[in-house]
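Structure here, sequence nowhere to be found:
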C-alpha cells in the first residue's frame, strides 16, 4: 500500500526536516500543514503521542515524529510544523522540524528499503529517494502510525 | 441500458419507508374502521406512489406487488369487497413483503424473497374466492402474465417521476415523451429499441419507458414504445436523431408537462391492464390526480453527516469569536468588542437553530409500535389497547436512532408478561382489554419515555426467590432487601436468560440489555410496579448525545471535564480529613466512607506542586458506588460538545472523549466509571 503511494511515473512528495535529515511523504497522504498549536496531553498513551489538537472543530491525535523514529529530542521552534496526514480515513498530525518544499520524483530515483537495510528502524522507511546530491528518506506511514498500536499492545 | 439510478436511490428508499409506515398506520386504523373511505384512499395513494417509484427504479417485484394491492384496494373502495380479517392480514403481509423488498434493495443483496405466493393470494382475493364475499368480477383476469399488447398512447407518470421532471425543469431541462413506432418489417425489434435508447441517452436522461426497458430487451412489445426523456436539446434535433436510425416508422415528440396539466387533451390512458372493467378506469385516473396534490409545508431532506459538520463549523465559529473577544479586550479595541457583541448574539442563535434542526419527533420511532402490538396481541390472544402520547416530543437524531430496540423490548414484555389473559383479567374485575401506554414528554433538559401497563405487576417475592435460586444474591440479602430494590433486580444480567422469569409473572428477558443501552445513551431507566395494577418503566434520556453539562476542573496546567450527570456534590476538605483504610485513602462524608482518587496521580499529570492547604473534592457516583476525585481547582459548570478521540486513541483508560473549550483548547472528558475501578 505504501509502495503504491510512491509508484507511478512521477510522484509529488512533501519534503520536511527531522533533526539533520530530509524526509518525504506522498502529497496524496497530506491533508494540510499547520503551524504549531496548543496540544492537550492524553494520559496513558505512549510518549511519542504528543496529545490531541483542535482542527477546526474536530479533535485529532498528534505524534512527535522525532520521538517516534527514535531521533534526539529538540525544542519546538518557529519552523516547527504539524503535517496533517490522512491514513485509512483517519486524520493524524505529525510534528516535524520544518517543511521545506514539495518536489516531484520519478520512480527510477527511488531505492527500495531493502537496499538501505541496516538503517535504524527501517520498517518505518519505505525507500530512499535521490534528488541531485540530496537523499530523501521516504516514510512508511502505515507502520509509523498504525504499527504503533500493535507495538504498544505487544510491550504491555 | 442502465440509467444512473444512484442519485435517486436515497430518495427512493426514504420515501418508500415513509409510505410503508403510512400504509401500516392506515391499515391499522382501517381494521378498526373498515368503512372509512378516506383511509382507503390514503392507503391506495401510498401503494400507488410506491408502485410508481419502484417501476421507475426498475424494481419489478415491488411494482408488481403494489399493483396487485391496488386491485384489492380499489375493490374495497367500491365496496366490491369488505375489509375483513383475511384481507387485512393479507395486506399486512404485503406490507411486510414490501418492507423486505425495500430492505433488500437498500442492502443490495439481490436476495429478495419471492412475491408470487402473495400475488396469487391477492388475485384470488380479488376474484372473490372467499365464500362470504363473493362479488365476482367477470371481466377480470390475472393481469401479471398478460403483457400489455395493445398500443398505448401515453405514459402514466407517478409522483416521483413528476418530481424528477420538475426538478430537471428548474435546471433548464425539458421533459419529452418520445413515441417511437418501428416499421412492421423490422427484424430485431429489441436491437432497434436499444439503439433508440442509446441515442436518446446521449441527448439527455431517460427516466422511464413503456414498456419497461426489460420488456424492450426481451422484445415483449409490438411495434411501438414510449420513452420519457429529460433533455436540453432542441426537440427537432431529438426527433431527427431518432429518425435517422433505420427501420423507424415514425417518431412523435410531445412536451411532457403540458400533457400532465391537461390530461384530457393529452389522451391519457391507464397503461396497466388492471383487472377491472373499462368503466372503472377513469376512477383510477382520479386518484392519480389526487397524487399530485401539493403537500402542505415545505421541507428538505438533509444527510445527518451534513448536519454534523454544520454543528462542527458553528462550534468553530463560536471558538473563533471567543478569540476575537480576547483580542479586543487585550488591545482595548472598543469598536471590535462592540461588533463582537453583535456577533455573539448571531452565533448563539445559529447554534440553537442548528441544534433544533437535528431534533426529530419521537413519533418517528413510535409509529412502528401499533403494528407490532397488533401482531403480538393476535399471537398471544390478548386484547391490547395501545395508547401513545407525546409523539411530537423532540429528541436529537442520534438518540432517536438508538431507542427503538429498548422500547420494543419493554413493550413486548408489557404485553407478554405484564398483561394477563383476558379471562384472568375478567376474574380480577379488570377490563378484559389490557392497556399499554407509551408516553413521551419533556422534563427539563431530559426527555422521559414511559412504558406503562395495567397488568399484574411484578411480584417482588418471586424476583427474590429467583435471584436466590440463581445464586445472584444470598438468602440473607434477599430478606434485607426492600420491595423496590428487589424489583430493580430485573435489570441484573443474570435475570436476562429466558425461562427464568417468563414462566412466572415477572419480566426479565433482556432487561439488562435495555438498561445497558439506555445508559450508553447517557440515560437512566427506572421501574415502578404495583401488584395487580401494573408496572411502569420510565426512561430518562438527555435531549442530545452531542452536548452534555459538565463541571470543568483543573489539575496542574491541565483541564478536564466531568459529566454533571455523575456528580453528587463538590466539597472542600483539609488534607487532615483524609484517612487511610487498608492503604486506600478515604474521607468521611455525612457518615459515609468514600474512597478518594487523586486525579493528578491517576492521570500522571506533570509538574504538580506540593500539597495545598485546601483540597477540592468532586464526589461522583456510578450506580450505588461513590468516590471522591481530588482536583486542584473547580473552574465551573458549562455545556460541552462531546467529540470522539478517534480510532488511534480509542479505548484509553479513564478518558471518555474530548471537547473543545471556548478558547479553542481541547479538554478531555473523564470516564467516571473507569476512574472508580
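Now that the structure is in, tell me what you want to look at. Treat the numbers as computed from the prediction; the structure is a model and nothing was measured.

avg pLDDT for stretch B:381-397?
Taken as a whole, stretch B:381-397 carries a mean pLDDT of 88.

For that stretch, list every residue counted as buried.
Using 16 or more other Cβ atoms under 10 Å in any protein chain shown as the test for burial, stretch B:381-397 gives B:382, B:384, B:386, B:388, B:390, B:393-397. Every residue, glycine included, has its C-beta placed from N, CA and C.

who in chain A is up against chain B?
A:38, A:40-45, A:49, A:51-54, A:56-61, A:90-92, A:145, A:149 (Cβ under 8 Å from any Cβ of the partner chain).

Check the secondary structure at residue B:458 for me.
Under DSSP: H, G, I helix; E, B strand; the rest coil, residue B:458 falls in the coil class.

Skipping adjacent residues, who's closest to it in space?
In this structure, residue B:458 finds its nearest non-sequential neighbour in residue B:529, 4.3 Å apart by Cβ to Cβ, 6 or more residues apart in numbering or on different chains.

surely the one you found meets residue B:535?
Yes. In this structure, residue B:529 is within contact of residue B:535 by Cβ atoms under 8 Å, at 4.0 Å.

Report the set of residues contacting both of these two.
Any residue near both residue B:529 and residue B:535 by Cβ atoms under 8 Å, 6 or more residues apart in numbering or on different chains counts here, and that gives B:457-458.

JSON lines please, covering the buried residues of stretch B:381-397 and showing secondary structure and distance to chain A.
Formatted as JSON lines, the buried residues of stretch B:381-397 follow (DSSP: H, G, I helix; E, B strand; the rest coil; distance: Cβ to the nearest Cβ, whole Å):
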{"residue": "B:382", "secondary structure": "coil", "distance to chain A": "49"}
{"residue": "B:384", "secondary structure": "strand", "distance to chain A": "47"}
{"residue": "B:386", "secondary structure": "strand", "distance to chain A": "43"}
{"residue": "B:388", "secondary structure": "strand", "distance to chain A": "38"}
{"residue": "B:390", "secondary structure": "coil", "distance to chain A": "34"}
{"residue": "B:393", "secondary structure": "coil", "distance to chain A": "29"}
{"residue": "B:394", "secondary structure": "strand", "distance to chain A": "24"}
{"residue": "B:395", "secondary structure": "strand", "distance to chain A": "23"}
{"residue": "B:396", "secondary structure": "strand", "distance to chain A": "18"}
{"residue": "B:397", "secondary structure": "helix", "distance to chain A": "18"}
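
domain ranges for chain B?
B:3-127, B:161-255, B:360-497+B:508-542, B:547-676 (the TED database).

circling back to that earlier point, closest one of the buried residues of stretch B:381-397 to residue B:408?
residue B:386 (12.9 Å; Cβ to Cβ).

The closest one is in contact with residue B:370, isn't it?
Yes. With contacts counted by Cβ under 8 Å, residue B:386 reaches residue B:370, the gap being 5.8 Å.

Where does the residue nearest to residue B:458 sit: helix, strand or coil?
Going by three-state DSSP: residue B:529 is strand.

burial measure for residue B:587, as a count.
Neighbourhood size, residue B:587 [other Cβ atoms under 10 Å in any protein chain shown]: 19.

Next one, pLDDT for it please.
Among the per-residue scores, residue B:587 shows a pLDDT of 92.

does it really touch residue B:577, like I thought?
Yes. Counting by Cβ under 8 Å, residue B:577 is a contact partner of residue B:587 at 5.5 Å.

and the gap between the residue of chain B most remote from its centre and residue B:587?
Ranking residues of chain B by C-alpha distance from their mean position (Cα atoms, centre = their mean) puts residue B:576 at the top, at 55.5 Å. To residue B:587, residue B:576 is 11 Å away according to Cβ to Cβ, to the nearest Å.

what do you get for residue A:78?
Where residue B:587 is concerned, residue A:78 sits at a distance of 48 Å (Cβ to Cβ).

What of residue B:540?
For residue B:540 relative to residue B:587 (Cβ to Cβ), the value is 30 Å.

Around chain A, which positions in the stretch 251-400 of chain B sit nearby?
Counting by Cβ under 8 Å from any Cβ, the stretch 251-400 of chain B sits next to chain A at B:312-313, B:315-316, B:319.

returning to that earlier point: report how many residues lie close to the residue nearest to residue B:458.
Residue B:529, neighbours per other Cβ under 10 Å, totals 24.

swap in the one 3 residues further on?
Applying other Cβ under 10 Å, we find 14 other residues in the vicinity of residue B:532.

Which residues are in contact with it?
B:428, B:456-457.
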